[in-house]
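Undergrad: I would like to see how this sequence folds:
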Amino acid sequence: MRYAVVECLVCGRYLAVDSKIGYRKCPYCGYVNKLGVSRIVKRFKSPREASELVRVLNAKDEEFKPLA
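TA: The predicted structure follows:
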């Protein structure tokens, strides 16, 4: 499975990572998440499936975050 959905170690948001590259900068906080370090939620064959799960998980987080 080439694509992984990981949880950012700094902000806790979810993002899709291409396992051939092995890392990705979080679009929310700027932290560079590496596959060997970040918690992998699920793996997928296609980037579309991975991005759909990222949208769902991040939307769930928005519903329950208290307003600052």
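Undergrad: what about the most centrally placed residue in the chain, which helix or strand?
TA: The C-alpha lying nearest the average C-alpha coordinate of the chain belongs to Leu15 (Cα atoms, centre = their mean; 2.0 Å). Using DSSP states H and E, Leu15 sits within strand 14-18.
Undergrad: and the helix or strand just after that strand, what's buried?
TA: Where DSSP H and E defines the elements, the next helix or strand beyond strand 14-18 is strand 23-25. For strand 23-25, burial by neighbour count (16 or more other Cβ atoms under 10 Å) applies to Arg24. Just so you know, the C-beta spots here come from the backbone N, C-alpha and C atoms, and that holds for glycine as well.
Undergrad: which outside residues touch the very next helix or strand once past strand 23-25?
TA: Downstream of strand 23-25, the next assigned helix or strand under DSSP H and E is strand 32-34. Under the contact criterion Cβ atoms under 8 Å, 6 or more residues apart in numbering, strand 32-34 has outside partners Val6, Cys8, Leu9, Leu15, Val17, Gly22, Tyr23, Arg24, Lys25, Cys26.
Undergrad: show me which of these is closest to Lys42.
TA: Checking the contacts of strand 32-34 against Lys42 with Cβ to Cβ, the nearest one is Val6 at 9.4 Å.
Undergrad: so who does the residue nearest to the closest one when sequence neighbours are not counted touch?
TA: Among residues not flanking Val6 along the chain, Ser38 sits closest, at 4.1 Å (Cβ to Cβ, 6 or more residues apart in numbering). Ser38 makes contact with Val6, Glu7, Cys8, Leu9, Val17 under the criterion Cβ under 8 Å, 6+ apart.
Undergrad: among these, name the buried ones.
TA: Neighbour counting by 16+ other Cβ under 10 Å classes Val6, Glu7, Cys8, Val17 among those as buried.
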